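# build me a model from this:
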Amino acid sequence: MRSLQSPYTPGSGARPPVFAGREPIMARAEAMLTRVANTRRAAPQPMVMTGPRGLGKTVTLGEIAATAGARGFVVCPVAFDAVSDNTQLLALTLAKSTAPLMRKGSRAAQAFVRRLAALSIELNAGVVRITSPASAQFAPPSDANARQVLGDLLGKAAFLATDRDRLGLVVLIDELQEATRHQLVTVCNAIQDTTDAPLAVFMAGLPTTPDKLMSAASFSERFDYQELTRLDDAAAERALVEPSVAVGVRWEPEAVRLTLIEASGSPYMIQKLGDEAWSAAAQPGGPIDSCAAITAIDRTRHDLGVGMFRGRWAKASPRERELITAIACVADDAGVARTADIVRLLHTTTPRLSQTRRSLLDKDLIESPGRGLVCFTMPAFGDYVLETTGVARSGPGMPPQG
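Have a look, this model is predicted:
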């Protein structure tokens, strides 16, 4: 058993030791921050990062937050969820982020606090809490002016930042797809209305997020959508090998090859497999060889099979399971299945599959890497499905076996 501490971070949302493959998005984000700092006005549009789970959206938001904070912005990170009033949640986070900037007796601070009360939020002596509408100074806003209240809060928070010699306000919203349509209407319009304040907004959500945003606010089609994809070969190898090399442990070439094939460009899988291979290596400080890589693959597949994969399969309806099995059956060596092969296997038509396909996209079980193509969002899920169902992979264009 290796005595050195693993340099890998397989936890959800944890920053990897080597943040590779997102340089273009980070450059774009830094350009937005520069524009806000220079003009003291809001960025032209929010950036919205989309992609399946496990591709590093949360980590990338964290990198943007760290960069913005280091440059002198006030940073306001929030993650939406399916049970909260996300409009109020955003306002609450704004209050917590700006509380340290409050000057006693400041008119700007007093105006900000009064606006918070309209959303049943109290800020007193740096302490933020949610109140009941009855105990707030003002009645909660109606649907018609909730947009105005939140927009006003964003603007006031941004100007509070510049009043204390900061460059402006950066808002980062994760799990955007969890908001209701009504909440998205409010949030999008509030952001759209805040043009004169030094504000930059970065958001992230699942691949279906753009459709939900555009349904809530047609102008959101002009947002800056950035799709996070799987890491290319060079970035994946950096993410896998550099953390161990930094502590004096090298990977044998065959171990790298086997691990990267299994990871298939997934940042999460790279960290998980790297961590397992580190633990499986024979000698502390010695190289990570192909035996350790194979053990890591087996352990990772077992862990996912009793956890994530089992849960995803259990939540699928009979129709969804039929389509999932067909995808696993006809996928090529890279895990990509052609819609034409799926249709042929199931003796159906593409229109008849569309609703089930949409459901699997919404559940983040599959993604579309290209027109007429689908694959599972998590590598190795197809193998789990075939093992569970007892169906053998036939490959593209071939009849199923078993």
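# alpha carbons only for contacts and neighbour counts from here, please
OK.
# just the strands in the protein please.
Secondary structure of the chain (DSSP state E): strands at 47-50, 74-79, 121-124, 127-130, 169-174, 199-205, 224-227, 336-338, 366-370, 373-376.
# and those as a markdown table, adding mean pLDDT and distance to residue 4?
Output for these, formatted as a markdown table (pLDDT from 0 to 100; distance: least, C-alpha to C-alpha, whole Å):
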| stretch | mean pLDDT | distance to residue 4 |
| --- | --- | --- |
| strand 47-50 | 98 | 36 |
| strand 74-79 | 97 | 34 |
| strand 121-124 | 80 | 46 |
| strand 127-130 | 79 | 42 |
| strand 169-174 | 98 | 34 |
| strand 199-205 | 98 | 35 |
| strand 224-227 | 97 | 36 |
| strand 336-338 | 95 | 38 |
| strand 366-370 | 92 | 37 |
| strand 373-376 | 95 | 34 |
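# for residue 181, find the nearest of these.
Residue 181 lies closest to strand 199-205 among the strands of the chain, at 14.1 Å (C-alpha to C-alpha).
# ok, and for that closest one, which residues are buried?
Across strand 199-205, burial judged by 16 or more other C-alpha atoms under 10 Å covers 199-205.
# tell me what that strand is packed against?
Secondary structure elements in contact with strand 199-205, counted by 3 or more C-alpha pairs under 8 Å, 6 or more residues apart in numbering; DSSP states H and E, are helix 23-39, strand 47-50, helix 57-71, helix 143-163, strand 169-174.
# was I right to think residue 102 contacts residue 112?
No - judged on C-alpha atoms under 8 Å, residue 102 makes no contact with residue 112 at a distance of 9.6 Å.
# list the contacts for residue 246?
Residues counted as contacts of residue 246 (C-alpha atoms under 8 Å, 6 or more residues apart in numbering): none.
# could you measure from it over to residue 238?
Residue 246 sits at a distance of 11 Å from residue 238 (criterion: C-alpha to C-alpha, to the nearest Å).
# just the pLDDT at the residue most central in space within the chain, thanks.
Note on the chain: the residue nearest the mean C-alpha position is residue 57, at 3.1 Å, using C-alpha atoms, centre = their mean. Looking at residue 57, its pLDDT reads 96.
# quick check: it touching residue 227?
No - at 9.6 Å, residue 57 and residue 227 do not qualify as touching, with contact defined as C-alpha under 8 Å.
# list residues touching both of these two?
Residues touching both residue 57 and residue 227 (C-alpha under 8 Å, 6+ apart): 49-51.
# in TSV: those residues, plus distance to residue 32.
Formatted as TSV, the shared contacts of residue 57 and residue 227 follow (distance: C-alpha to C-alpha, whole Å):
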residue	distance to residue 32
49	14
50	18
51	21
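# can you redo these as TSV with neighbour count and distance to residue 120?
What follows is those, written out as TSV (neighbours: other C-alpha atoms under 10 Å; distance: C-alpha to C-alpha, whole Å):
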residue	neighbour count	distance to residue 120
49	26	31
50	25	32
51	22	34
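# what is the nearest of these to residue 166?
residue 49 (25.6 Å).
# measure the closest one to residue 60 for me?
9 Å.
# go on, residue 100?
Taking C-alpha to C-alpha, one finds residue 100 at 26 Å from residue 60.
# got the CA coordinates for stretch 22-29 in CSV?
The C-alpha coordinates for stretch 22-29 follow below in CSV (Å, rounded to 0.1, in the frame of the first residue of the first chain):
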residue,chain,number,x,y,z
ARG,A,22,-10.4,24.8,-20.3
GLU,A,23,-7.9,27.5,-21.4
PRO,A,24,-10.2,28.9,-24.2
ILE,A,25,-13.1,29.3,-21.8
MET,A,26,-10.9,30.9,-19.1
ALA,A,27,-9.4,33.3,-21.7
ARG,A,28,-13.0,34.3,-22.7
ALA,A,29,-14.0,34.8,-19.1
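# which residues does that stretch contact?
47, 60, 64, 226.
# columns distance to residue 287 and neighbour count on top of the residues you listed, output as TSV?
Formatted as TSV, those follow (distance: C-alpha to C-alpha, whole Å; neighbours: other C-alpha atoms under 10 Å):
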residue	distance to residue 287	neighbour count
47	42	22
60	30	20
64	34	22
226	38	15
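# ranges for the helices of the stretch 301-402 of the chain?
In the stretch 301-402 of the chain, the helices defined using DSSP state H, counting those that start in this stretch lie at 308-315, 318-330, 339-346, 350-362, 381-389.
# quick one: buried residues of the fourth one?
Translated: helix 350-362. Buried residues in helix 350-362, counting neighbours by 16+ other C-alpha under 10 Å, are found at 353, 356-357, 360-362.
# and what of the first one?
For helix 308-315, a neighbour-count test (16+ other C-alpha under 10 Å) marks 309-310, 313 as buried.
# tell me the angle of it relative to helix 381-389?
Helix 308-315 and helix 381-389 are oriented at 60 degrees to each other (axes from the mean of the first three to the mean of the last three C-alpha atoms, to 10 degrees).
# what packs against helix 308-315?
Partner elements for helix 308-315 (3+ C-alpha pairs under 8 Å, 6+ apart): helix 381-389.
# just give me how far the helix it packs on sits from the chain centre.
Distance, stretch centre to chain centre, for helix 381-389: 26 Å (C-alpha atoms, centre = their mean, to the nearest Å).
# swap in stretch 203-219?
Relative to the chain's own centre, stretch 203-219 is displaced by 14 Å; criterion: C-alpha atoms, centre = their mean.
# what are the contacting residues of it?
So stretch 203-219 is contacted by 46-53, 57-58, 61, 172-177, 181-182, 184-185, 188-189, 220-221, 225, 361-362, 364, 367 (C-alpha under 8 Å, 6+ apart).
# nearest spatial neighbour of residue 76, skipping sequence neighbours?
With C-alpha to C-alpha, 6 or more residues apart in numbering as the criterion, residue 76 has its nearest non-adjacent residue at 4.7 Å, and that residue is residue 171.
# bridged to that neighbour, which residues?
Counting by DSSP bridges, residue 171 forms beta bridges with residue 76, residue 201.
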